[in-house]
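Visitor: Mind folding the following:
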Amino acid sequence: MLVLATIGITIAAGLPAAEINLPDIGSPADAVLSKNEESQLGRAIMAQIRASGELVEDPQVTEYINEIGHRLAAQANVDGNHEFSFFVIDNPVINAFALPGGFIGVHTGLLEATRNEDELAGVLAHEVAHVTQRHLARRLHASQRQSILNTAIMLGAILAGAAGGSSDAVQGAIAVAQGTSAQQQINFTRSNEYEADRVGISALAAAGFDPQGMGSFFEVMSRGTTPMEYRLPEFLRTHPVSSARIAEARGRARSYQPVHTTDSINYGITRSRLLVASRDTPEAAVAYFERESYELQSDEERYGRAVAYLRAGRNNEANRIFEELANKDPEVIAYHIGLADSQMALESIAEAIGTFERAQELFPRNLPLTIHFAEALLQIGQATRAHTMLLDLLNNTPPTPEQVRLIAKAAIEAGEAAEAHYYMAEYRLMIGDLVGGINFLRQALRVPGLEEIQRIRFEARIDFIREFMSEEQLQRLQRSRSTG
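Guide: Sure, this is the predicted structure:
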């Protein structure tokens, strides 16, 4: 469909620093962009985001953002018609965006700028509502009365300008693209934003968060600077915040029963991990967490100090803090992971393996714990055990591409060459490279001593993938076969 191709290209052009806000609703919108097409478009954009290298791959951060996001989505997505996946972008700009197909991204800058978990949940609830209300398809449907091409140009200009950081260029491109229809497009966007606020606040309250969290963060945005001293550039405000909008969000939240919430430990742990990662040097991360006396810090801040020490190679200091935290609150998985990681850094291998094993008994099949344990096993040459552990996890939990690549590494080091090629094929498929995926499966079929059940499985997978390939991809596949 020409519309999809045009918009997909313009969106992909400016992904790295983009605030992509794309919406939908109702059967008229289905005529322009079906849910299946939205999902395909979303996956294509996600492949570009992964290729940009800005996706945060920290499994502890990813698990936390998905935990909060799915808690909200369960309340907004009552009909179950939408699937959601939440991810974090390594970018200091305060931003969050909804992609078609239920992919919702949050910038590290936004996570650091939120003052509490309710504010973060407020932002996520708003983005979830953009998806459940199908604002992308609605926007495209409305644009048919103007010009699909103009809408595509406008979206591409915003994203490309965001990547290049040129505010003037973006404003000029939007003016050219929209011309005299600018006000009509802005009004339509505003209606989407107010609707996302309304639906999002309802989900926020139903999920047990303070419904004032959304309006509270709007106030942070409206001031132009945040406690973290990050500026929010005007041209990135696809969620324009006005005093009227803040007042409406506050008033709507007051219609729900007031709640008194406290931040989860994982909120503080996630922010601490991102704060360490965002510093340019290990020394800068240590300096940040040493600004305050250890005795005056919260457990989450002490955790951040320990992570900074570990990054700086101050392993004994990190180990002491992790041990103290794990003994104080053994229900926090991150403390066990930190303790085992510090023991590995100190080359106390037996102690580290013991810590991981005890944690696994407490938290079986916990994804971040298993990933860290498997990485430790690979470090000490226990690839077969790492492979078995990861296979059990990933057969029960949808993996990310990086996690699939990790199990491929474990398989090859364990001497399972055919399975390693199979996993790498799945990795290529997950990032949108169908030709590369089939080529890895062909390598798997050439491994000496291949079992018949493996051969059947690999050939069936190739046949399945070919059904979804374009003519151009099939030609590329043929050329790669003739030259391979």
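Visitor: ok, then the element right after the helix or strand harbouring His372?
Guide: Element membership for His372, per DSSP states H and E: helix 367-379. Under the assignment DSSP H and E, the closest C-terminal helix or strand after helix 367-379 is helix 383-394.
Visitor: any weak-confidence spans in the stretch 101-250 of the chain?
Guide: For the stretch 101-250 of the chain, residues meeting the criterion pLDDT under 70 lie at 137-188, 224-242.
Visitor: picking up where we left off before, does anything pack onto the helix holding His372? Which helices or strands?
Guide: Secondary structure elements in contact with helix 367-379, counted by 3 or more CB pairs under 8 Å, 6 or more residues apart in numbering; DSSP states H and E, are helix 59-76, helix 333-345, helix 349-362, helix 383-394, helix 401-413. Any C-beta I mention is one placed from the backbone N, CA and C, and that applies to glycine too.
Visitor: quick one, the lengthiest helix in the chain and helix 59-76 angle?
Guide: Longest helix of the chain, by residue count under DSSP state H: helix 182-206. Counting by axes from the mean of the first three to the mean of the last three CA atoms, to 10 degrees, helix 182-206 lies at 100 degrees to helix 59-76.
Visitor: Check which residues of the helix holding His372 are buried.
Guide: Neighbour-count burial for helix 367-379, with 16 or more other CB atoms under 10 Å as criterion, is recorded at 367-378.
Visitor: Take those and lay them out in TSV including distance to Ala244.
Guide: Formatted as TSV, the entries for the buried residues of helix 367-379 read as follows, by distance: CB to CB, whole Å:
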residue	distance to Ala244
Leu367	43
Pro368	42
Leu369	47
Thr370	48
Ile371	46
His372	47
Phe373	52
Ala374	52
Glu375	50
Ala376	54
Leu377	56
Leu378	55
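Visitor: now the closest residue to Gly215 other than its chain neighbours: how far from Phe464?
Guide: Residue nearest to Gly215 in three dimensions, not counting chain neighbours: Ala249, with 3.6 Å by CB to CB, 6 or more residues apart in numbering. Distance, Ala249 to Phe464, using CB to CB, to the nearest Å: 47 Å.
Visitor: neighbour-wise, which of the two wins?
Guide: Legend: neighbour count by other CB atoms under 10 Å for Ala249 and Phe464, higher for Ala249 (27 against 9).
Visitor: Look at that one and give its secondary structure.
Guide: The assignment at Ala249 comes out as helix when based on DSSP: H, G, I helix; E, B strand; the rest coil.
Visitor: For burial, what's the neighbour tally of Val332?
Guide: Number of residues near Val332 (other CB under 10 Å) recorded here: 18.
Visitor: helix or strand for Met469, which one?
Guide: Secondary structure from DSSP H and E places Met469 outside every helix and strand.
Visitor: and which of the buried residues of helix 367-379 is nearest Ala196?
Guide: Checking the buried residues of helix 367-379 against Ala196 with CB to CB, the nearest one is Leu367 at 29.6 Å.
Visitor: was I right about Met424 contacting Ala408?
Guide: Yes. Using CB atoms under 8 Å, Met424 makes contact with Ala408 at a distance of 4.8 Å.
Visitor: returning to that earlier point: mind putting the helices and strands packed on helix 367-379 in TSV, distance to Arg198, mean pLDDT and mean neighbour count included?
Guide: Formatted as TSV, the entries for the helices and strands packed on helix 367-379 read as follows, by distance: least, CB to CB, whole Å; pLDDT from 0 to 100; neighbours: other CB atoms under 10 Å:
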stretch	distance to Arg198	mean pLDDT	mean neighbour count
helix 59-76	11	95	21
helix 333-345	35	98	24
helix 349-362	41	98	16
helix 383-394	39	96	20
helix 401-413	35	96	21
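Visitor: can you redo those helices as a markdown table with distance to Ser298?
Guide: Output for the helices and strands packed on helix 367-379, formatted as a markdown table (distance: least, CB to CB, whole Å):
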| stretch | distance to Ser298 |
| --- | --- |
| helix 59-76 | 17 |
| helix 333-345 | 13 |
| helix 349-362 | 22 |
| helix 383-394 | 31 |
| helix 401-413 | 30 |
